[in-house]
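K.L.:
what shape does this take:
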Amino acid sequence: MRLLLAAAFLLSGCGDVWNDPYSAADRGRGILYTSFVDRPKHLDPASTITEDESKFTRQVYEPPVQYHYLKRPYELVPLVATEVPSAKEAPDGTVSYEVRLRPGVRFQPHPAFHAPNRQLAPEAIARLRTPYDLPTHADRELVADDYIYQIKRLAHPRLNSPVFGLMAENIVGMKGLGERLKAAAKSPGWIDLRQHELAGVERIDAHAFRIRLKERYPQFLYWLAMPYFAPMPWEAEAFFSQPGMAAKNFNLDWWPVGTGPYMLVENDPNAVMVLKRNPNFRGEPYPSEGAPGDREEGLLVDAGKPMPFVDEVRFVREREAIPFWNKFLQGYYDQSGIPADSFDNAVRVSVEGDTNLTAEMEAKGIRLRTSVAASVFYLGFNMEDPVIGMPKVGGEAAERSRKLRQAISVAVDWEEYISIFLSGRGIAAQGPIPPGIFGWEEGPASVNPVTHEWRDGRPVRRPIEHARKLLAEAGYPDGRDAKTGAPLVLYLDTVARGPGDKPRFDWWRKQFSRLSIQLEIRDTDWNRLQDKIRKGSQQLYILGWNGDYPDPENFLFLLHGAQARMKGDGVNSSNYASPAYDALFPRMKDLPNGPERAEAIRRMVQVARQDAPWAFGFYPKDYGLSHGWLSNGKPNDMAGNTVKYLRVDAAKRAALRREWNQPVLWPALVLLGAVLASAIPAIVGYRRRERRAARAGA
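P.N.:
So this is what the prediction gives:
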């Protein structure tokens, strides 16, 4: 009888999904399921810097402007501001931006806005699991003072904002505010920034403020689309500054407070983080126009409809790529990248280089979207190094080191690297500016003449014989010093990630061995590499740069002499300084996009190509997959606040999950049969013994 009940129990589950990792109560709800790898460290908009953090901060916080979701090239449009502010130059040379806000925008409900909650006893705080456990929440309207408060926070010494240095160079009075706050921070307790003036930021009225810069800086407008310039209510800082809050991780790094479409309601960075719709969000219409082809791809079906479309976003921490990939194929994640080990199973690449999904992916209704990222990866040469750089020695010695760098730039076959390690997901770089950014050129003009030729309608890397010729001209025929006969040994510092690095390291040694150069690889961790670069003790290194904003200045400043890492902790890790390049940089930076700026960029790129402070590597290609029930997905490297645009067909998802995850019952039935078969002899023997005992008793 018990065995029959077990069988009935097994069969009763046939209509449900047995391996669903989510609660049955969530099935059919408008939840977006996604993941994260590294736990976010800073969700405070003054301190956030990584993409892992922006997944959350960009959905909660709203700076004045944002990037149009669909249009390309990227275009700034209003978000909380009524219009994109324009620069106004004063007779004294200062430049101001006036930001006027939409009235009626409200912060999310939060206990910080309820005055008594800012006077809690430590023992009351100790009993809380999250700040939202407090029974009374409140809210209020967003005003100009909230933006002013946040801009002041960029100078707060306890926050260590990564953009303070740059803002201190540009915003009037920011440097002085930083000095005054250093003195104030010597005393414990909350610093109420309302009591500290910032000359370069002025309140006009309740819904308008003005930012004044020391001089013209056209790229500043892009900063107004970043979380650094999102509003911060003073009440939130006061609330989280109470004794006992820090011990519970109750702070703005864990619990953001914003006006955006979502609010963070669950924060377990080792397992799951949950965003829910902000009930106070005013609604925002989905774009009514986009780039060519967007309408045909169904990206304008929701034009004009109020966003957000998804009620909840569940981020599950997935440390390993393969388990995440398998769950995506089962329908338990709505979108995914493609792990390198699974690329061939997901994508077919034709001889012409076209990419299409495999039949298995198409059968599941999965969509593929590709885009070239606004990023560049490169092999850098330290120009302060006496062998590879020699920046202070002119004449023949400088030309020798230049030809050595050029020879290596030719020999490192980035096309092969892209094929082996990226499964073709990249484009060999010809300069520092990636596609989609003003100044990037197509056709023969795009080619780096040092490393490539234009043949048959595409750039082709120069042969290794050309690199060997350059190496001999540099004074190292066959990889040996022509004067001493000593072998040329170079050192590459790079980040070690684990045992899987060996093939990559072997590949790098092979590239240099083609020139008979001995390459010694010094693998290290990220912090140690940064320390070496800061001190200039590296010789060769590998780095990448993701664009912060869609302007060529954001890439060309990586080679600007004033940004040299050793001299001023800037972003120029090669410490490259060229009089010709540096003379063009300020003019290029201030010019509007047009023929004059394009010509200045062209000349700068030509100088950098000849000097070869980098062996230009590749621009990565992003491959994104999404299930058919997820609509409105389009890659956007600049806009991080993209969740609000997405729509989930929860009913379709639930149906396909059931279809794809039907339980396989025959092993259980075979096992049940085996158990029954093995039990029969025991039952028969038992019945025989019972009958014999009964007869004997009679």
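K.L.:
per-domain residue ranges of the protein.
P.N.:
Structural domains assigned to the chain are 24-317, 378-621, following automatic domain parsing.
K.L.:
quick one, which of those is nearest to Ala650?
P.N.:
Of all the domains of the chain, domain 24-317 sits nearest to Ala650, with 5.2 Å by CB to CB. (Glycine included, C-beta is placed from N, CA and C.)
K.L.:
start to end distance for the closest one?
P.N.:
Domain 24-317 has an end-to-end distance of 20 Å (CA to CA, to the nearest Å).
K.L.:
same check, this time on stretch 565-583
P.N.:
End-to-end distance (CA to CA), stretch 565-583: 19 Å.
K.L.:
list the buried residues for that stretch?
P.N.:
For stretch 565-583, a neighbour-count test (16 or more other CB atoms under 10 Å) marks 565-566, 570, 572-578, 581-582 as buried.
K.L.:
returning to that earlier point: how about the domains of the chain, which one is nearest Asn641?
P.N.:
Across the domains of the chain, Asn641 has its closest neighbour in domain 24-317 (4.3 Å, CB to CB).
K.L.:
any idea where the helices of the stretch 501-650 of the chain begin and end?
P.N.:
502-513, 526-535, 553-556, 565-568, 579-590, 595-611, 650-660 (DSSP state H, counting those that start in this stretch).
K.L.:
how far is the longest strand seen in the chain from where the chain is centred?
P.N.:
Determined from DSSP state E, the single longest strand within the chain is strand 614-626. On the basis of CA atoms, centre = their mean, to the nearest Å, strand 614-626 is displaced by 13 Å from the centre of the chain it belongs to.
K.L.:
may I see the buried residues of that strand?
P.N.:
Here strand 614-626 shows 614-621, 623-626 as buried, counting by 16+ other CB under 10 Å.
K.L.:
which of those residues sits closest to Val684?
P.N.:
Using CB to CB, the buried residues of strand 614-626 come closest to Val684 at Leu625, 57.3 Å.
K.L.:
show the backbone phi and psi for the closest residue to the closest one other than its chain neighbours.
P.N.:
In this structure, Leu625 finds its nearest non-sequential neighbour in Ser336, 5.0 Å apart by CB to CB, 6 or more residues apart in numbering. Note on Ser336: its backbone torsions stand at phi -160, psi 150 [degrees, to the nearest 10].
K.L.:
now the strands for the stretch 101-250 of the chain?
P.N.:
201-205, 208-213 (DSSP state E, counting those that start in this stretch).
K.L.:
adding distance to Lys186 and mean neighbour count, write those strands out as a markdown table.
P.N.:
Shown next, in a markdown table, are the strands of the stretch 101-250 of the chain (distance: least, CB to CB, whole Å; neighbours: other CB atoms under 10 Å):
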| stretch | distance to Lys186 | mean neighbour count |
| --- | --- | --- |
| strand 201-205 | 24 | 15 |
| strand 208-213 | 28 | 21 |
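K.L.:
surely Tyr217 and Met167 touch.
P.N.:
No: counting by CB atoms under 8 Å, Tyr217 does not reach Met167; the two are 10.4 Å apart.
K.L.:
low-confidence ranges, the stretch 1-150 of the chain, go.
P.N.:
Filtered on pLDDT under 70, the stretch 1-150 of the chain yields the residue ranges 1-18.
K.L.:
where's the dip in pLDDT among the buried residues of stretch 565-583?
P.N.:
Lowest pLDDT of the buried residues of stretch 565-583: Gly570, 78.
K.L.:
mind checking how far that one is from Ile171?
P.N.:
19 Å (CB to CB, to the nearest Å).
K.L.:
same thing with Gly365?
P.N.:
On the measure of CB to CB, Gly365 and Ile171 end up 50 Å apart.
K.L.:
these two: which is more packed in?
P.N.:
Ile171 (25 against 12; other CB atoms under 10 Å).
K.L.:
ok, the more buried one - contacts?
P.N.:
Ile171 sits next to 151, 198, 200-201, 211-214 when contact means CB atoms under 8 Å, 6 or more residues apart in numbering.
K.L.:
surely Tyr149 and Leu193 touch.
P.N.:
Yes: with contact defined as CB under 8 Å, Tyr149 reaches Leu193; the gap is 5.6 Å.
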